[in-house]
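*Asks:* Pasting the sequence and the predicted model now:
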Amino acid sequence: MDFQLHQRVISWLKIAGDSLKDSLTSDLAVEEKTQPNDLVTRMDREIEAYFVHKIETYYPDHKVIGEEGKGHELSDLAGTVWILDPIDGTLNFVKQGRIFGIMIGIYQDGQPLAGYIYDVMHDDLYYGIKGIGVFCNERPIQAREVSTLSQSLIITSGSILMRNDYHSHQLLTQSLGSRSYGCAAYELIAVIRGEAACYLSKRLMPWDVAAGMVILDLMGYRYSRPNGDPINLLEGGPAVFAHPNVYEEVMTIINQPEN
């Protein structure tokens, strides 16, 4: 990993974060994308454009996939590919002014190279770099010791629990309880920090998971589609992330036969 690239990413994230904080008192020009709870603001577009400009200026041979449209035509991950979410948790950003983040995953020929999750309002930057390790604000992070699901919280949505998707009722009763933040960045941070041992979602896009996959991979955590298939970073779908000591337990529960 190029140390200068790493330092540039940190600088860009801080500048973008400051812009988001400043924008909270301005007109965000909010629009609906697919439904009333799927929003986009001028800041989503401006922050993505900022990162794309920086990447194309300093690394013109790199590719970019961004939530707001950049690179959606890519059919493979050959070369160096940046996968970015300019504002993860836009609904929270608009309605609460908190619990949102910026996420960047960098891959080389489809293999994880570096991942960054920036909790903007707390000014906490979680990142992992292949061959170096995982950090929060430059302090090393290691996986917390977890033995069983019964000792842990899980992260999932209220809608999954309401419909009992993936046998989530049993997953809930086997754990200490559930939490939901409405923001993949925060939900991945909870697993990274060891506050929860499992994160289950029905639909996440590549920019929702790319950064977290790098960090969790370096920590020895496991992740996949709920049916065990690997996560394809060129398409959206359900996903499960779990501490290595509970992954098989979680997968057994969510894949048990229907009665």
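*Replies:* Arrived safely, thanks for sending.

*Asks:* Over to residue 214. Which of the three states is it?
*Replies:* When states are read from DSSP: H, G, I helix; E, B strand; the rest coil, the local structure at residue 214 comes out as helix.

*Asks:* Just name whatever secondary elements the top helix by length along the chain is in contact with.
*Replies:* Longest helix in the chain by number of residues (criterion: DSSP state H): helix 3-23. Contact here means 3 or more Cβ pairs under 8 Å, 6 or more residues apart in numbering; DSSP states H and E; on that basis helix 3-23 packs against helix 42-58, strand 101-108, strand 111-119, strand 124-129. All C-beta atoms are positioned from the backbone trio N, CA, C, and that covers glycine.

*Asks:* Try it again at 6 Å.
*Replies:* Other helices and strands packing on helix 3-23, by 3 or more Cβ pairs under 6 Å, 6 or more residues apart in numbering; DSSP states H and E, are helix 42-58, strand 111-119.

*Asks:* Show the pLDDT at the closest residue in space to residue 17 that isn't next to it in sequence.
*Replies:* Ranked by Cβ to Cβ, 6 or more residues apart in numbering and with sequence neighbours excluded, the top spatial neighbour of residue 17 is residue 120, at 4.3 Å. The score at residue 120 is 97. That number is its pLDDT.

*Asks:* Residue 120 and residue 97: what is the separation?
*Replies:* Distance from residue 120 to residue 97, counting by Cβ to Cβ, to the nearest Å: 10 Å.

*Asks:* the more surrounded of the two?
*Replies:* Neighbours were counted for residue 120 and for residue 97 using other Cβ atoms under 10 Å; residue 120 has more, 25 against 14.

*Asks:* Surely that one is in contact with residue 22?
*Replies:* No: with contact defined as Cβ atoms under 6 Å, residue 120 does not reach residue 22; the gap is 11.2 Å.

*Asks:* hey, where'd the strands end up in the stretch 51-200 of the chain?
*Replies:* 63-66, 80-88, 101-108, 111-119, 124-129, 133-136, 139-140, 153-155, 177-179, 198-204 (DSSP state E, counting those that start in this stretch).

*Asks:* Where does the prediction get shaky in the stretch 151-259 of the chain?
*Replies:* Applying pLDDT under 70 to the predicted model, the residue ranges of the stretch 151-259 of the chain that meet it are 259.

*Asks:* Just the helices from it, written as ranges.
*Replies:* Using DSSP state H, counting those that start in this stretch, the helices of the stretch 151-259 of the chain run over residues 158-163, 168-173, 184-192, 206-219, 247-254.

*Asks:* Go through the ones you listed and name the closest to residue 89.
*Replies:* With distances scored as Cβ to Cβ, the stretch of the helices of the stretch 151-259 of the chain nearest to residue 89 is helix 184-192 (6.3 Å).
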